[in-house]
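**Student:** Pasting the sequence and the predicted model now:
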Amino acid sequence: MAEKTAMLGSSIVGTSSVKNYKDAKYLLIVPGHAVYVGREAASAHLDDYWIGGFKGEAKFYTEHAFAGISEAGKDEKSILIFSGGQTREKAGPFSEAQSYWALSDQHLWLTMDRVKGRATTEDFARDSLENLAFSVGRFVQLTGEMPYTIVIFGWVFKEERYRRHAEALGIEQWRLHYYGVNNPEGEALAMAKKGEIKTLADFEASPLGRVGILAQKREQRDPFLRGSGAYRYYQLEKLFPLLRFQ
């Protein structure tokens, strides 16, 4: 019998034994930007406690996490996934995603304990395309199903990038919702937008980021050699058939 290809909305064999996840339909993603190493809530807004971030951005990363938590608190059928791998050698084998989870725990999940039971991590992603693809893979591991809708919480200026990632992976645009939480300020925003133009051009040349500067960045963000194994771990070619053709 020919193997069936899994598409969005279809059933995948295997379901989670965790009751909090079994009825989930909606995926909420908070992509990581750095590794938070603070040990108390007050540290979250201070740059010194973020490894790999840009000066002045700590408060913005924290707001991304808070936005995801707030949205997850509105619907019991959602799963909140913090996404980001072990990208910083200085931080050791501690992922961006795990650090965002720790930050959220320090802030008591904004007094919404119910969210903690539906929050988890995706610990392999090295860039934005992997944030999206790997988080979907993680959702399938937990629920046995592809998410009905996907909401991403991040920089306002990055929405177009994620729209293109969805297209490259074969995700219908109506399923993807982007929540622009904030942007860097002043000169930092101008530099970020300039860099985004270059990144969009790089993804235009390699939509799945497998060659050129994008592939080099993935290698640089993988000091513990974890990221490449995620494709097999999440069985991504079954979830996203387009991955086979580049």
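**Tutor:** That came in fine, so what should we check first?

**Student:** use CA for all of it now, contacts and neighbours both
**Tutor:** Will do.

**Student:** For the protein, give me the ranges with low pLDDT.
**Tutor:** When the per-residue scores of the chain are filtered using pLDDT under 70, the ranges that remain are 1-20, 245-246.

**Student:** which stretches of it form strands?
**Tutor:** Taking DSSP state E as the test, the strands found in the chain are 26-31, 35-36, 50-51, 78-83, 119-122, 149-155, 176-182.

**Student:** Please name every helix or strand in contact with the lengthiest helix in the chain.
**Tutor:** Secondary structure assigned by DSSP state H gives helix 187-205 as the longest helix of the chain. Helix 187-205 makes packing contacts with helix 212-220 when contacts are defined by 3 or more Cα pairs under 8 Å, 6 or more residues apart in numbering; DSSP states H and E.

**Student:** Please list the outside residues in contact with the helix it packs on.
**Tutor:** When contacts are defined by Cα atoms under 8 Å, 6 or more residues apart in numbering, helix 212-220 is touched by residues 87, 126-127, 202-203, 206, 209, 227.

**Student:** where along the protein do the helices fall?
**Tutor:** Here the chain has its helices, by DSSP H, at 58-72, 96-106, 113-116, 128-143, 159-169, 187-205, 212-220, 230-233, 236-239.

**Student:** Among these, which comes closest to residue 39?
**Tutor:** Minimum separation from residue 39 across the helices of the chain (Cα to Cα) falls at helix 96-106, 7.7 Å.

**Student:** And for the closest one, what's in contact with it?
**Tutor:** Helix 96-106 is contacted from outside by 31-41, 44, 62, 65-66, 82-87, 110, 116, 119-123, using Cα under 8 Å, 6+ apart.

**Student:** Dump it to PDB, restricted to CA.
**Tutor:** What follows is helix 96-106 as a C-alpha-only set of coordinates in PDB (Å, rounded to 0.1, in the frame of the first residue of the first chain):
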ATOM      1  CA  GLU A  96      16.200  29.700  23.400                       C
ATOM      2  CA  ALA A  97      12.800  28.000  23.900                       C
ATOM      3  CA  GLN A  98      13.700  26.600  27.300                       C
ATOM      4  CA  SER A  99      14.800  30.000  28.400                       C
ATOM      5  CA  TYR A 100      11.500  31.600  27.300                       C
ATOM      6  CA  TRP A 101       9.600  29.000  29.200                       C
ATOM      7  CA  ALA A 102      11.700  29.700  32.300                       C
ATOM      8  CA  LEU A 103      11.000  33.500  31.900                       C
ATOM      9  CA  SER A 104       7.300  32.700  31.700                       C
ATOM     10  CA  ASP A 105       7.500  30.600  34.800                       C
ATOM     11  CA  GLN A 106       9.300  33.300  36.700                       C
END
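
**Student:** quick one: it to strand 78-83, angle?
**Tutor:** Taking axes from the mean of the first three to the mean of the last three Cα atoms, to 10 degrees, one finds that helix 96-106 is oriented at 120 degrees with respect to strand 78-83.

**Student:** Centre of the chain to helix 96-106, how far?
**Tutor:** Relative to the centre of its chain, helix 96-106 is centred 13 Å away, using Cα atoms, centre = their mean, to the nearest Å.

**Student:** what does stretch 48-57 give?
**Tutor:** Centroid separation for stretch 48-57 versus its chain: 18 Å, with Cα atoms, centre = their mean.

**Student:** Give the buried residues for it.
**Tutor:** Counting neighbours by 16 or more other Cα atoms under 10 Å, one finds that the buried residues in stretch 48-57 are 49-53, 57.

**Student:** hmm, back to that, could I get the helices of the chain in JSON lines, plus columns for mean neighbour count and distance to residue 23?
**Tutor:** Putting those into JSON lines (neighbours: other Cα atoms under 10 Å; distance: least, Cα to Cα, whole Å) gives the following:
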{"stretch": "helix 58-72", "mean neighbour count": "20", "distance to residue 23": "14"}
{"stretch": "helix 96-106", "mean neighbour count": "23", "distance to residue 23": "22"}
{"stretch": "helix 113-116", "mean neighbour count": "17", "distance to residue 23": "14"}
{"stretch": "helix 128-143", "mean neighbour count": "24", "distance to residue 23": "7"}
{"stretch": "helix 159-169", "mean neighbour count": "18", "distance to residue 23": "24"}
{"stretch": "helix 187-205", "mean neighbour count": "14", "distance to residue 23": "35"}
{"stretch": "helix 212-220", "mean neighbour count": "15", "distance to residue 23": "34"}
{"stretch": "helix 230-233", "mean neighbour count": "14", "distance to residue 23": "23"}
{"stretch": "helix 236-239", "mean neighbour count": "19", "distance to residue 23": "20"}
